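# Could you look at this predicted model? Sequence included:
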Amino acid sequence: MLIIGIAGGTGGGKTTVVNTIVDELQHEEVAVISQDSYYQDTSNLSYDERTQINFDHPQSIDFDLLVSHLKELKKGNAIEQPVYSFVEHNRTGKTLKTLPKKVMIVEGILILTNPKLRKMCDIKIYVHADSDERLIRRLKRDINERGRDIDEVLNRYQTTLKPMHQQFIEPTKEYADIIIPYNRYNTVAVDIVQTIIKQRLD
Ligand SMILES: Nc1ncnc2c1ncn2[C@@H]1O[C@H](COP(=O)(O)OP(=O)(O)O)[C@@H](O)[C@H]1O
Ligand SMILES: Nc1ccn([C@@H]2O[C@H](COP(=O)(O)O)[C@@H](O)[C@H]2O)c(=O)n1
């Protein structure tokens, strides 16, 4: 099994890069684990309390569950990946059965902050886009797809996104084997990553 970790700031293009890689590979060869599925279970909190959570801090992620799931997959066992709701700010209670594949992609803003997870990744990638570009993309995406309004996104950006990015996410660039500049759709860099994956699969 080849485990590929893809990190980078919110709105940087991680999901877009992952989707491009997955489209190129045979369906039976690849599966994706999203860090977002592993936000801590906060069912004990009210909706209003959940809106106040700092979702960009490493402690917001249940890394123990994520690492144990990856270990199970490496052993050849299927896992039940929690399904997360950005509207409810919580796990939905549903799960997605995820089977072990030759290539497992683990994607998320904070995945390179966790030493155990870093150690499990065979290839570590950081997708970089400038902060203004990321904010514009995040605004559009969160309003169109995640049920947010402009005030929510900008307030979250100022209070948590920006400081957490600077403190925890940007510094993990140093762990990356490959940094993909993604201010524009960088097809050349993604092609190179795909070639590396195919070589490793041979
Ligand atoms: N290079 C790019 N140029 C313009 N828009 C982009 C680019 N990459 C991604 N997007 C768009 O920006 C939004 C955030 O991208 P996404 O891949 O979800 O980022 P991430 O997973 O890093 O948060 C999406 O709506 C996506 O379609
Ligand atoms: N309930 C939540 C949980 C997370 N977020 C934000 O999602 C971002 C990470 O996801 P990406 O797809 O953008 O990598 C992160 O910056 C959190 O602030 C949220 O808004 N609400």
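Perfect, thanks for sending it. Numbering: from 1, shown residues only. Ligands and ions are numbered 1, 2, ... in the order given.
# hey, let's count contacts and neighbours off CA atoms from now on
Fine.
# Return the residues of this structure in contact with ligand 1.
Applying CA under 6 Å from any ligand atom, we find that the chain lies next to ligand 1 at 9-16, 137-138, 141, 182-185.
# Can you point out the buried residues in the longest strand that the chain contains?
Counting by DSSP state E, the longest strand found in the chain is strand 90-98. Residues 90-91, 98 are the ones in strand 90-98 that count as buried (16 or more other CA atoms under 10 Å).
# will you turn the residues you listed into CSV that also has distance to F55 and pLDDT?
CSV is the format used below for the buried residues of strand 90-98 (distance: CA to CA, whole Å; pLDDT from 0 to 100):
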residue, distance to F55, pLDDT
N90, 11, 95
R91, 13, 95
T98, 24, 95
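# elements contacting the longest strand of the chain?
In terms of contacts (3 or more CA pairs under 8 Å, 6 or more residues apart in numbering; DSSP states H and E), strand 90-98 is packed against strand 79-85.
# Name every strand pairing with the strand it packs on and say which way it goes.
strand 90-98 (antiparallel) (DSSP bridges).
# Tell me if the very next helix or strand once past the strand it pairs with is near ligand 2.
Using DSSP states H and E, the next helix or strand after strand 90-98 towards the C-terminus is strand 103-107. No. Strand 103-107 does not reach ligand 2 (CA under 6 Å from any ligand atom); its nearest approach is 8.0 Å.
# In terms of secondary structure, what does strand 103-107 contact?
Against strand 103-107 (3+ CA pairs under 8 Å, 6+ apart) you get strand 2-7, helix 14-24, strand 30-34.
# Could I get the buried residue list for the second one?
Neighbour counts over helix 14-24 (16+ other CA under 10 Å) mark 14-15, 17-18, 21-22 as buried.
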